[in-house]
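Chemist: A predicted structure for the sequence below; I have some questions about it.
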Amino acid sequence: MPDPFEGSRLTLAWAQHHINYFGAHEEQDFRVTLADTGLDTMTGARVKMIERYIDDDLFMVTYGDGLSDVDITKLVEFHKSHGRLHKMKLTASFPSHFNFIAADAVNNMRSALDQSVYAVAHAFAIASKQTTPKIAYFPFASDAAAFENTLKGRSAEIVPPEIQALFRKFQPYKGGNDLLWALNKICNGNKHKLVSPVGVATAGYRVKARSSGFMSVSETTPIWDRTKNEVVFAEIGKDADFEYNFEFGLFIAFDEVEIVGGKSAQIVLKFFAGEVESIISEIEAESKRIGIIS
């Protein structure tokens, strides 16, 4: 007999393949000079060590993935004329394919849950000599009341009581299992603005700085401005002679999605996948226990 849960597992596996893209993928169309600057060297010292590769006194540095649509020429002109705010800013448009990869992963996980419910409904119909259903969905809901209404509707007819009890255990609604609720919310949201770059201070935000003129450095962790894709970490006088080391990092996060907004997309997707895999396994085990599949 064919495995009724094979489709769910394959769909979930494809979602997990997309999740891995956020942690390990290949970029193209750029040139890299790789310079060994040591394991524990601070950022400013690393720049000093690659000085021989720089042909001009004026140059720009980005740490990690630099992404934005900033006009570099205007940015340089602004800093030449003002010499006050020192920022880290993304310098190229955020690649849209990250949104579609995240969306495809989430949609596949939602589909895997739906397929598992359909597998149960189909097997239950055959076992009870009823007409097999054309469709069946995992019972996501906005809240507990809506969830109970869903179970009392179509699900009560096509899914055995033991599986309905599992659904209640899973609590796929807001205020129950918020992670499952967020998974469904993302599936129904704007796929073009699903994820975005987010800056985060590393190592608890540490700055080493000195200046012979005016220099103001934030004593607390600076806040990443997601609307401008930048962070301001120092204000320096135009004629000041200064030197500083500043550490900051970037990660890709879910955008304005309640529960998971601002959190690492890769980590959230892995949590989603683990939850979905656990649910499918429980549904399969209970279906075997009650004898509707072998």
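Modeler: Okay, I see it. Model, not experiment: these values are computed from the prediction.

Chemist: so where's the stretch 1-150 of the chain shaky on pLDDT?
Modeler: 1, 21-32, 43-44, 55-58, 63-69, 78-94 (pLDDT under 70).

Chemist: the same query, at a cut-off of 80, please.
Modeler: Applying pLDDT under 80 to the stretch 1-150 of the chain flags residues 1-4, 14, 17-34, 39-48, 51-98.

Chemist: surely Ser8 touches Ala112?
Modeler: Yes: with contacts counted by CB atoms under 8 Å, Ser8 reaches Ala112, the gap being 4.5 Å. Every residue, glycine included, has its C-beta placed from N, CA and C.

Chemist: I'd assumed Ala145 was in contact with Gly176.
Modeler: No: assessed by CB under 8 Å, Gly176 is found out of contact with Ala145, at 11.4 Å.

Chemist: which of the two has more neighbours?
Modeler: Neighbour count, other CB atoms under 10 Å: between Gly176 and Ala145, Gly176 has more, with 17 against 10.

Chemist: and Tyr164, how far is that from Glu275?
Modeler: That one is not Tyr; residue 164 is Gln. 19 Å (CB to CB, to the nearest Å).

Chemist: likewise Glu162?
Modeler: 21 Å.

Chemist: who's more crowded, those two?
Modeler: Between Glu162 and Glu275, counted using other CB under 10 Å, the more crowded position is Glu275 (18 against 14).

Chemist: state whether the more buried one is indeed within a strand.
Modeler: No: Glu275: not assigned to a strand; according to DSSP: H, G, I helix; E, B strand; the rest coil it is helix.

Chemist: list the contacts of it.
Modeler: 177, 179-180, 183 (CB atoms under 8 Å, 6 or more residues apart in numbering).

Chemist: run the last query once more with 10 Å
Modeler: For Glu275, the contacting residues are 109, 113, 170, 172, 177, 179-180, 183, by CB atoms under 10 Å, 6 or more residues apart in numbering.

Chemist: same question, Pro4
Modeler: 115-116, 118-120, 122-123, 284, 287, 292-294 are the contacts of Pro4 under CB under 10 Å, 6+ apart.

Chemist: now for Ala285, how many residues are close by?
Modeler: Applying other CB under 10 Å, I find that Ala285 has 10 neighbouring residues.

Chemist: need the longest helix for the protein.
Modeler: Longest helix in the chain, counting residues (DSSP state H): helix 97-127.

Chemist: list the buried residues for that helix?
Modeler: For helix 97-127, a neighbour-count test (16 or more other CB atoms under 10 Å) marks 98-99, 101-125 as buried.

Chemist: could you pull out the strands for the stretch 51-200 of the chain?
Modeler: Assigned by DSSP state E, counting those that start in this stretch, the strands in the stretch 51-200 of the chain fall at 85-89, 195-201.

Chemist: do I have it right that Ala121 meets Ser155?
Modeler: Yes: between Ala121 and Ser155 there is a contact under CB atoms under 10 Å: 8.6 Å.

Chemist: shared neighbours of the two, anything?
Modeler: 136-137, 163.

Chemist: just these now: which is nearest Thr73?
Modeler: For the shared contacts of Ala121 and Ser155, the closest approach to Thr73 (CB to CB) belongs to Tyr137, at 52.9 Å.

Chemist: surely Thr41 is within a strand?
Modeler: No: per three-state DSSP, Thr41 lies outside any strand segment and is coil.

Chemist: distance of it from Ala119?
Modeler: 55 Å.

Chemist: which residues touch Ile163?
Modeler: Neighbouring residues of Ile163 by CB under 10 Å, 6+ apart: 116-117, 120-121, 124, 155, 282-283, 286-287, 290, 292.

Chemist: just the closest of those to Leu12, please.
Modeler: Nearest to Leu12 among the contacts of Ile163, with distances taken as CB to CB, is Ser116, at 9.3 Å.

Chemist: I figured the closest one hits Ile293, correct?
Modeler: No: between Ser116 and Ile293 no contact is recorded; they are 11.2 Å apart, counting by CB under 10 Å.

Chemist: which residues do those two both contact?
Modeler: 4-5, 284, 287.

Chemist: okay, those residues in CSV with distance to Ser264 next?
Modeler: Output for the shared contacts of Ser116 and Ile293, formatted as CSV (distance: CB to CB, whole Å):
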residue, distance to Ser264
Pro4, 34
Phe5, 30
Glu284, 30
Ser287, 34
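
Chemist: can you redo these as a markdown table with distance to Ile54 and secondary structure?
Modeler: Formatted as a markdown table, the shared contacts of Ser116 and Ile293 follow (distance: CB to CB, whole Å; DSSP: H, G, I helix; E, B strand; the rest coil):
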| residue | distance to Ile54 | secondary structure |
| --- | --- | --- |
| Pro4 | 62 | coil |
| Phe5 | 58 | coil |
| Glu284 | 59 | helix |
| Ser287 | 64 | helix |
